[in-house]
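Undergrad: Here is a sequence together with a model predicted from it:
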Amino acid sequence: MDADDRLQKNIRRTAGSHALRRIAAIVDEENRSDAATANLLRGLLRYGWVVLLIIIVLAAYLTGVY
């Protein structure tokens, strides 16, 4: 194996490693985004019924039902 072959092999290995790190960064960002969305939905499920109840009571009060 001459020096050019080893150099090309090292270049390919380095480029592959760099590409894998970039892909991992993209996947990590998507996972963080998905986690944020899940937390938002969890909060809406947890407190959304309270807001809905307040809106219903307010609407009933404004229409004279309550």
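TA: That came through fine. Residues are numbered from 1 along each chain as shown.

Undergrad: Nearest the middle, which residue of the protein would you pick?
TA: Closest to where the C-alpha atoms of the chain average out (CA atoms, centre = their mean) is Ser33, at 1.3 Å.

Undergrad: Distance-wise, check that one relative to Leu44.
TA: Using CB to CB, to the nearest Å, we find Ser33 at a distance of 17 Å from Leu44. All C-beta atoms are positioned from the backbone trio N, CA, C, and that covers glycine.

Undergrad: Asp28 too?
TA: Distance from Asp28 to Leu44, counting by CB to CB: 25 Å.

Undergrad: On the three-state scheme, Arg21 is what?
TA: Secondary structure, DSSP: H, G, I helix; E, B strand; the rest coil: Arg21 is helix.

Undergrad: got a list of what it touches?
TA: If a contact means CB atoms under 8 Å, 6 or more residues apart in numbering, then Arg21 has no contacts.

Undergrad: For it, give its distance to Gln8.
TA: In terms of CB to CB, Arg21 sits 21 Å off from Gln8.

Undergrad: cool, and Val57?
TA: 73 Å.

Undergrad: what's the answer for Leu45, then?
TA: 55 Å.

Undergrad: With Arg46 instead?
TA: Here Arg46 is placed at a distance of 57 Å from Gln8 (CB to CB).

Undergrad: try Asp28
TA: With distances taken as CB to CB, Asp28 is found 30 Å from Gln8.

Undergrad: low pLDDT regions in the chain?
TA: 1, 66 (pLDDT under 70).

Undergrad: Which stretches in it count as helices?
TA: 3-63 (DSSP state H).

Undergrad: residues of stretch 45-58 that come out buried?
TA: Judged by neighbour count using 16 or more other CB atoms under 10 Å, stretch 45-58 contains no buried positions.
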